[in-house]
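A.B. asks: Next input, structure requested:
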Amino acid sequence: MDEMTQILVDTTKMLDDLISDYSVPRNIRKNIQAAKLKLSQNKGSLDVRAATSISTLDEIVNDPNTPGHARTLIYTIMGKLEILQKKASTLH
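C.D. replies: Numbers count the residues shown, from 1 in each chain. Alright, predicted model coming up:
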């Protein structure tokens, strides 16, 4: 498995963990699900999908209802997605 695929698998797993965390408010989990869906769709290039997911996650991080532990994990996911975005953009 190449590095970009591994990052994609890792971030998807972390997003799934947040989606199944019932201490995170339902509307936040719904938005996390939307970010995951944007990332996993096969329409568009990977760098654009990663950027779109980062944008959605950034909105979630700035939501005052997002619990601290979820915010920390989302920042980690965003960092991984930025690496993925940079690697994918160099392939074009």
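
A.B. asks: any low-confidence regions in the chain?
C.D. replies: 92 (pLDDT under 70).

A.B. asks: residues near Asp16, how many?
C.D. replies: 13 (other C-beta atoms under 10 Å). All C-beta spots, glycine's among them, are computed from the backbone N, C-alpha and C.

A.B. asks: wait, Arg71
C.D. replies: Neighbours of Arg71 (other C-beta under 10 Å): 16.

A.B. asks: That one: which element?
C.D. replies: helix 68-90 (DSSP states H and E).

A.B. asks: buried sites along that helix?
C.D. replies: Buried positions in helix 68-90, judged by neighbour count with 16 or more other C-beta atoms under 10 Å: Ala70, Arg71, Leu73, Ile74, Ile77, Met78, Lys80, Leu81, Leu84, Gln85, Lys87, Ala88.

A.B. asks: Also stretch 23-38?
C.D. replies: Applying 16+ other C-beta under 10 Å to stretch 23-38 flags Val24, Ile28, Arg29, Asn31, Ile32, Ala34, Ala35, Lys36, Lys38 as buried.

A.B. asks: ok so, going back, hmm, who's touching the helix holding Arg71?
C.D. replies: Residues outside helix 68-90 that contact it (C-beta atoms under 8 Å, 6 or more residues apart in numbering): 3-4, 7-8, 10-11, 14-15, 17-18, 21, 23-24, 28, 32, 39, 45-47, 50-51, 53-54, 57-58, 60-61, 66.

A.B. asks: Buried ones among the residues you listed?
C.D. replies: Neighbour-count burial (16+ other C-beta under 10 Å) is assigned, among the contacts of helix 68-90, to 7-8, 11, 14-15, 18, 24, 28, 32, 39, 46-47, 50-51, 53-54, 57, 60, 66.

A.B. asks: hey, where'd the helices end up in the chain?
C.D. replies: 3-19, 26-40, 46-61, 68-90 (DSSP state H).
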